[in-house]
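K.L.:
here is a sequence with its predicted model. Questions after.
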Amino acid sequence: MTLSPAPYPEGVTEAAPFTADELEQIRAQFPSLRRDLYGRPLVYLDSAATAQKPNRVIEAEAAFYREANAAVHRGAHTLAGEATELYEDARATVARFLAVDDDEVIFTSNATEGLNLIAYAIGNASLGQGGAAAAPYALSAGDEIVVTELEHHANLIPWQELAARTGATLRYIPVDDHGAIDVDAATGVIGARTRILAVSHVSNVTGAHSPLEQLVPLARAVGALVVLDACQSAPHLALHPRELDVDVAVFSGHKLYGPTGIGVLYGRRELLNALPPFLFGGSMITTVTMERAEYLPAPQRFEPGTPRIAQAIGLAEAIRFVTELGIDRIAASEHAIGEQLLRGLAEVPGIRVFGASIDAPRVALASVVVEGVHAHDAGQVLDNLGIAARVGHHCAQPLHRRLGATASLRISAGVHTTTDEIDQAIAAIAGVREFFGVTEATNR
Ligand code: PMP
């Protein structure tokens, strides 16, 4: 296995990793990290699935319920005013984090809903909803939607469904044998018919950054919309959709140390206000008759019903947590952890590390196949040692199929991960084959 040079993520240069004392202070903020499992301290290496929560996030959500719980936007009473202020302040916090305007931030339940929202809104435009403003975004037969072969199912299936609803064709940019997006092939896939490019910022299987600097200009050159799945980048590096020149970016709060039940969709203002809504109901309208309704502009247009108020407030606290630590310092620390992880795994015989040789910046995440052992069994060995890792296809079946595996074991770090924890994980993975009595001979 060759090791990638693992350069710093874009925009991160000289920031210092956390010192041992700082790391200790960070860890002290996560109550779940005090748990023991099977007589050992929990080693949580599943942050890519969902992050643990610092006390201040748990407390922010609880404090809302304790002190200011009310439905937002509609009430004349004090609590409703306070709740509205907290909710809109959460939106402003997200907007600052992304360096975008407040009305370009839509709260969703998670990234999956964000991706469905945009795909359905475009589908509704394709049915003629939204009138002349939405018409430029309507799809029909002959139009093409482009994804990549490494997408999480959340950034694949909504586009399959949109293609089915509109008669458009879904095409994909293949990955190479290592799981890297094939940029040369992209030039043959993205073309005059491409109307949408939907791509991940960072793969949830290889941890590698996608080559956005090559893909986005290809899409721009043909006037296609660019939708970014930023689930695996938002917790680890500065996410600035405008600098990346994307029209839409989505992520989930729960992977960013925030609560479950909250996600974010950033959309360019003109796009959001031109598209018809996805879900319909209260809080999103100007005028309603028995026959029809007029809709508010974004963000209300896309937030019908009582929104996820406590969750948005919790997410804002998580963003303050990350921002105060410094996203550049988080990236620098996780970069060191990621390098240690890859270098350590490179020394382990009898395993395959997906995408280890991809020459791109990456986050501290690695998916491995232990030869001769099913990923679930390998995960069990780690669990018995108190190490929480992910097993399965990580909602990326096509990528696993392309890499010749049905499942893998994924290690993913968070802001609290220590070098000792990575050493423990590497040692545990190194011990899996012996645990199951797998020899070279059984492999062949
Ligand atoms: N995209 C990627 C790259 C992901 O890793 C995930 C979560 N595993 C999602 C989308 C979906 O996120 P959620 O389940 O929070 O909607």
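P.N.:
Arrived safely, thanks for sending.

K.L.:
so which residues on the protein come close to the ligand?
P.N.:
The chain comes close to the ligand at residues 110-112, 152, 154-155, 200, 204, 229, 231-232, 252, 395, as judged by CB under 6 Å from any ligand atom. Heads up, the C-betas are built off the backbone N, CA and C, glycines and all.

K.L.:
how about the nearest residue to Thr50, chain neighbours excluded?
P.N.:
His254 (4.8 Å; CB to CB, 6 or more residues apart in numbering).

K.L.:
helix/strand/coil for that neighbour?
P.N.:
The three-state assignment at His254 reads helix, by DSSP: H, G, I helix; E, B strand; the rest coil.

K.L.:
thinking Phe30 is in contact with Gln52, fair?
P.N.:
Yes: in this structure Phe30 lies within contact range of Gln52 using CB atoms under 8 Å: 4.9 Å.

K.L.:
okay, and the common contacts of those two?
P.N.:
Common contact partners of Phe30 and Gln52 (CB atoms under 8 Å, 6 or more residues apart in numbering): His416.

K.L.:
one step back: buried among the residues of the chain next to the ligand? Need that as a selection in ChimeraX.
P.N.:
In ChimeraX syntax, the buried subset of the residues of the chain next to the ligand is picked out as below (16 or more other CB atoms under 10 Å):
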select :110,111,112,152,154,155,200,204,229,231,232,252,395
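
K.L.:
so which of the residues of the chain next to the ligand are in strands?
P.N.:
Using DSSP state E to define strands, the subset of the residues of the chain next to the ligand located there is 200, 229, 252.

K.L.:
ok so, going back, mind listing what the residue nearest to Thr50 touches?
P.N.:
Here His254 is in contact with 50-51, 110, 260-262 (CB under 8 Å, 6+ apart).

K.L.:
can you list the residues of the chain next to the ligand in TSV and add pLDDT?
P.N.:
Shown next, in TSV, are those (pLDDT from 0 to 100):
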residue	pLDDT
Asn110	98
Ala111	98
Thr112	98
His152	98
Ala154	98
Asn155	98
Ser200	98
Asn204	98
Asp229	98
Cys231	98
Gln232	98
Ser252	98
Cys395	97
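
K.L.:
quick check: the two most widely separated of the residues of the chain next to the ligand?
P.N.:
Farthest apart among the residues of the chain next to the ligand by CB to CB are Asn110 and Ser200. That separation is 15.2 Å.

K.L.:
which SS class is Tyr172?
P.N.:
strand.

K.L.:
in which helix or strand would I find Gln25?
P.N.:
Element membership of Gln25, judged by DSSP states H and E, is helix 20-28.

K.L.:
what mean pLDDT does that helix have?
P.N.:
Computed over helix 20-28, the mean pLDDT rounds to 98.

K.L.:
and for that helix, what's in contact with it?
P.N.:
18, 33, 325, 333, 415-416, 418.

K.L.:
now, among those, which is nearest to the ligand?
P.N.:
Val415 (17.1 Å; CB to the nearest ligand atom).

K.L.:
helix, strand, or coil at the residue lying closest to that closest one once chain neighbours are set aside?
P.N.:
Spatially, and ignoring its direct neighbours in sequence, Val415 is nearest to Ile330 (5.4 Å; CB to CB, 6+ apart). Three-state assignment for Ile330 (three-state DSSP): helix.

K.L.:
next, count neighbours for Ile330.
P.N.:
When neighbours are defined as other CB atoms under 10 Å, Ile330 has 23 of them.

K.L.:
show me what contacts it?
P.N.:
So Ile330 contacts 235-237, 322, 415 (CB under 8 Å, 6+ apart).

K.L.:
now it: how far from Ala413?
P.N.:
10 Å (CB to CB, to the nearest Å).

K.L.:
check the secondary structure at the closest residue to His77 other than its chain neighbours for me.
P.N.:
Of all residues not flanking His77 in the chain, Ala70 sits nearest, at 7.1 Å (CB to CB, 6+ apart). Following three-state DSSP, Ala70 is assigned to coil.

K.L.:
identify the residues contacting Ala70.
P.N.:
Counted by CB under 8 Å, 6+ apart, Ala70 has contacts 77, 79-80, 82-83.

K.L.:
number of residues surrounding the residue lying closest to His240 once chain neighbours are set aside?
P.N.:
Among residues not flanking His240 along the chain, Ala99 sits closest, at 4.9 Å (CB to CB, 6+ apart). By other CB under 10 Å, 13 other residues sit near Ala99.

K.L.:
over to His393?
P.N.:
Neighbour count for His393, taken as other CB under 10 Å: 18.

K.L.:
tell me the contacts of it?
P.N.:
By CB under 8 Å, 6+ apart, the contact set of His393 is 400, 406-408.

K.L.:
distance check, it against the ligand.
P.N.:
Distance from His393 to the ligand, counting by CB to the nearest ligand atom, to the nearest Å: 11 Å.

K.L.:
Tyr87 and Arg308 touch, don't they?
P.N.:
No: look at Tyr87 against Arg308 with CB under 8 Å: they stay out of range, at 9.0 Å.

K.L.:
of the contacts of His393, which belong to strands?
P.N.:
Ser408.

K.L.:
CA atoms of stretch 347-358 as PDB?
P.N.:
The C-alpha coordinates for stretch 347-358 follow below in PDB (Å, rounded to 0.1, in the frame of the first residue of the first chain):
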ATOM      1  CA  GLU A 347       2.100  -1.500   8.500                       C
ATOM      2  CA  VAL A 348      -0.700  -4.000   9.200                       C
ATOM      3  CA  PRO A 349      -0.500  -7.100   7.100                       C
ATOM      4  CA  GLY A 350      -3.500  -8.700   5.600                       C
ATOM      5  CA  ILE A 351      -5.700  -5.600   5.300                       C
ATOM      6  CA  ARG A 352      -6.800  -3.300   2.500                       C
ATOM      7  CA  VAL A 353      -7.300   0.400   3.200                       C
ATOM      8  CA  PHE A 354      -9.700   1.900   0.700                       C
ATOM      9  CA  GLY A 355      -8.300   5.000  -1.000                       C
ATOM     10  CA  ALA A 356      -5.100   5.000   1.000                       C
ATOM     11  CA  SER A 357      -3.100   5.900  -2.100                       C
ATOM     12  CA  ILE A 358      -5.400   8.700  -3.300                       C
END
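
K.L.:
what does that stretch contact?
P.N.:
Here stretch 347-358 makes contact (CB under 8 Å, 6+ apart) with 1-4, 178-180, 203, 205-208, 342, 345-346, 362, 366-372, 403, 405, 408, 426, 429-430, 433, 438, 440, 443.

K.L.:
sort out which of the residues you listed are buried, if you could.
P.N.:
Burial by neighbour count, 16+ other CB under 10 Å: within those this picks out 4, 178-180, 203, 205-208, 342, 345, 362, 366-372, 403, 405, 408, 426, 429-430, 433, 438.
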